[in-house]
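Novice: this is a predicted model, with the sequence first.
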2 protein chains.
Amino acid sequence: MCRRDAERIYVGKERDDHAVPQEEINLMLVRLAKEGKRTLRLKGGDPFIFGRGGEEIETLVEHGVPFQVVPGITAAAGVASYAGIPLTHRDYAQSVAFVTGHLKENTFNMNWEGIARKDQTIVIYMGLKGLPMLCEALIKHGLTADTPAAIVQHGTLPTQRVITGDLTTLPALAEEAGLKAPTLIIVGNVVKLREKLGWYQPEPNSALSHRSPLEAADTLR
Amino acid sequence: MCRRDAERIYVGKERDDHAVPQEEINLMLVRLAKEGKRTLRLKGGDPFIFGRGGEEIETLVEHGVPFQVVPGITAAAGVASYAGIPLTHRDYAQSVAFVTGHLKENTFNMNWEGIARKDQTIVIYMGLKGLPMLCEALIKHGLTADTPAAIVQHGTLPTQRVITGDLTTLPALAEEAGLKAPTLIIVGNVVKLREKLGWYQPEPNSALSHRSPLEAADTLR
């Protein structure tokens, strides 16, 4: 939707393939602003929920660059709607927690204590690679092995695929299905509702773009 | 944005003043659909995050009414952006939990065990009335008394007001400020970032509508 003559700079990230490191993105925003350009940093999802927007505007503040922040629909909300899995529900979940399943040197940057609660929905961003370890960690910290769980590939897109199981079965089911990033994992009793409430029938061969939201949106203009 | 001749039915809720009870809303959607009408259930925020969208579509499924769910920007994301408080941040919060502070017979419908974590941001929906008890509960379950906390009135609107303090001081500060619902409470070290990152200067006397997002959006069309 930007003007046709706008310069588009791709800085998008996929796992292990960051076109531009985060610090360079921060400084690029400063440089472009100082050149007098109106600059839009476009992201998939919400800038303040695992979006590193805080770090970007910290750099802007340090360099005296004025800015506005526009909220977005975080992956958890988009994926939940299109997978038919309410994140909270009076009968099943009184709270919802968003965490990342990103691995760093094969361990999680996360203290699981307290996250695993039977009355809480857990949404895990970026967890495909660590899924077996994630399920193990959640069982170790108190969830029962038969807690319902889902992994969603390309949520909201025509290439969306939803695999459901429980903390014991999901890793093998996901492996078997050959899912591709980006994915989102939802753990908790609300996942059972999908059987009844799943409404979105993706048409993978439709004319719509098959690019992931990250590819499509994580662009600096 | 709907057609000018569309019938608009207000079902919006404010605390202790539910124009239409939830069950009636569920059945109204069924009735209108069965009358052959294209019906839009418009809400503030996201339908699947404390929006009771799950209950509404369960009723639709039970009555064989087809539907789509459109995700929205949940209050936590909107308010965080306009208050300059990132919900996650590499240095301060590796996860974020959304809970409700709704009181039922003067106690919380919430098990606080595990929610109170020093590396987790906590966002509390509908917590104005219970704020003193909320702060007490979080301290009792492990947060230090000086954990930063903010309460935001009318987030994202020209009438936005942000009061910051810590778990000890916030209840008195909020009382003194005479805040009005709807509010959102954010607890955690990320709140400190507002001092540096707060960018939105509301203009309470601007020509924009002063209606709350709930009043403006929680309408069944």
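Specialist: Cool, the structure landed.
Novice: show the contacting residues for residue A:202.
Specialist: Counting by CB atoms under 8 Å, 6 or more residues apart in numbering or on different chains, residue A:202 makes contact with A:157-161. Using the backbone N, CA and C atoms, a C-beta is placed for each residue, glycine as well.
Novice: assign a three-state SS to it, would you?
Specialist: Secondary structure, DSSP: H, G, I helix; E, B strand; the rest coil: residue A:202 is coil.
Novice: distance of it from chain B?
Specialist: Per CB to the nearest CB, to the nearest Å, residue A:202 is found 13 Å from chain B.
Novice: quick check on that residue: phi, psi?
Specialist: Its backbone dihedrals place residue A:202 at phi -70, psi 150, with angles given as degrees, to the nearest 10.
Novice: could you do residue A:120 as well?
Specialist: Here residue A:120 shows phi and psi, under degrees, to the nearest 10, equal to phi -120, psi 130.
Novice: make sure it is actually in contact with residue B:97.
Specialist: Yes. When contacts are counted by CB atoms under 8 Å, residue A:120 is listed as touching residue B:97 (7.4 Å).
Novice: touching both of these two, which residues are there?
Specialist: Common neighbours of residue A:120 and residue B:97, using CB under 8 Å, 6+ apart, are A:95-97.
Novice: out of the contacts of residue A:202, which are inside strands?
Specialist: The strands in this structure, assigned by DSSP state E, contain residue A:161 from those.
Novice: element containing the closest residue in space to residue A:79 that isn't next to it in sequence?
Specialist: If the residues on either side of it in the chain are set aside, residue A:79 comes closest to residue A:155, at 3.2 Å by CB to CB, 6 or more residues apart in numbering or on different chains. Counting by DSSP states H and E, residue A:155 is held by no secondary-structure element, helix or strand.
Novice: quick one: pLDDT of residue A:155?
Specialist: Among the per-residue scores, residue A:155 holds a pLDDT of 97.
Novice: what is the burial count for it?
Specialist: Residues within reach of residue A:155, counting by other CB atoms under 10 Å in any protein chain shown, total 27.
Novice: is it in contact with residue A:186, as I believe?
Specialist: No. Under the contact definition of CB under 8 Å, residue A:155 does not touch residue A:186, with a separation of 9.8 Å.
Novice: so what sits against both of these two?
Specialist: With CB under 8 Å, 6+ apart applied, the overlap between the contact sets of residue A:155 and residue A:186 consists of A:79, A:83.
Novice: contacts for the lengthiest helix in chain A, please.
Specialist: In chain A, ranked by residue count with DSSP state H as the criterion, the top helix is helix A:22-34. Contact partners of helix A:22-34, identified using CB under 8 Å, 6+ apart, comprise A:9, A:11, A:20, A:39, A:41, A:52, A:55-56, A:58-60, A:63, A:65, A:220.
Novice: residue ranges with poor pLDDT in chain A?
Specialist: A:13-18, A:205-221 (pLDDT under 70).
Novice: make it 80
Specialist: Within chain A, the segments meeting pLDDT under 80 span A:12-19, A:103-111, A:204-221.
Novice: which stretches of it form helices?
Specialist: Remark: helices assigned in chain A by DSSP H are A:22-34, A:53-62, A:75-83, A:131-140, A:170-177, A:194-197, A:213-217.
Novice: looking at those, which is buried most?
Specialist: A comparison of the helices of chain A by mean neighbour count, using mean count of other CB atoms under 10 Å in any protein chain shown, puts helix A:75-83 on top with a mean of 27.
Novice: let's see that one as PDB, backbone CA atoms only.
Specialist: This file holds the C-alpha atoms of helix A:75-83, laid out as PDB (Å, rounded to 0.1, in the frame of the first residue of the first chain):
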ATOM      1  CA  ALA A  75       0.600 -14.700  15.300                       C
ATOM      2  CA  ALA A  76      -1.100 -16.300  18.200                       C
ATOM      3  CA  ALA A  77      -4.300 -14.400  17.500                       C
ATOM      4  CA  GLY A  78      -4.300 -14.900  13.800                       C
ATOM      5  CA  VAL A  79      -3.400 -18.600  14.000                       C
ATOM      6  CA  ALA A  80      -6.000 -19.300  16.800                       C
ATOM      7  CA  SER A  81      -8.800 -17.700  14.700                       C
ATOM      8  CA  TYR A  82      -8.000 -19.700  11.500                       C
ATOM      9  CA  ALA A  83      -7.300 -23.000  13.400                       C
END
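Novice: thinking again about what came up before, now the two most distant members of the contacts of helix A:22-34.
Specialist: Of all pairs drawn from these, the one with the longest distance (CB to CB) is A:9 and A:58, at 20.5 Å.
Novice: next, the distance between the ends of stretch A:5-22.
Specialist: Terminal residues of stretch A:5-22 lie 26 Å apart, using CA to CA, to the nearest Å.
Novice: and stretch A:47-67, by the same measure?
Specialist: Counting by CA to CA, you get 13 Å between the two ends of stretch A:47-67.
Novice: now stretch A:59-73
Specialist: Between the opening and closing residues of stretch A:59-73 there is a gap of 24 Å (CA to CA).
Novice: for that stretch, list every residue counted as buried.
Specialist: A:59-61, A:65, A:69, A:71-73 (16 or more other CB atoms under 10 Å in any protein chain shown).
Novice: contacts for it?
Specialist: Outside stretch A:59-73, the residues within contact range by CB under 8 Å, 6+ apart are A:26-27, A:29-30, A:33-34, A:43-48, A:51, A:53, A:57, B:46, B:71-73, B:77-78, B:80-82, B:84, B:156, B:196-197, B:199-200.
Novice: next one: it to chain centre, how far?
Specialist: The offset between the C-alpha centroid of stretch A:59-73 and the centroid of the whole chain comes to 21 Å, using CA atoms, centre = their mean, to the nearest Å.
Novice: one more: stretch A:21-36?
Specialist: A distance of 24 Å separates the centroid of the chain from that of stretch A:21-36, by CA atoms, centre = their mean.
Novice: now swap in stretch A:62-75 and tell me
Specialist: Remark: stretch A:62-75 is offset 18 Å from the chain centroid, using CA atoms, centre = their mean.
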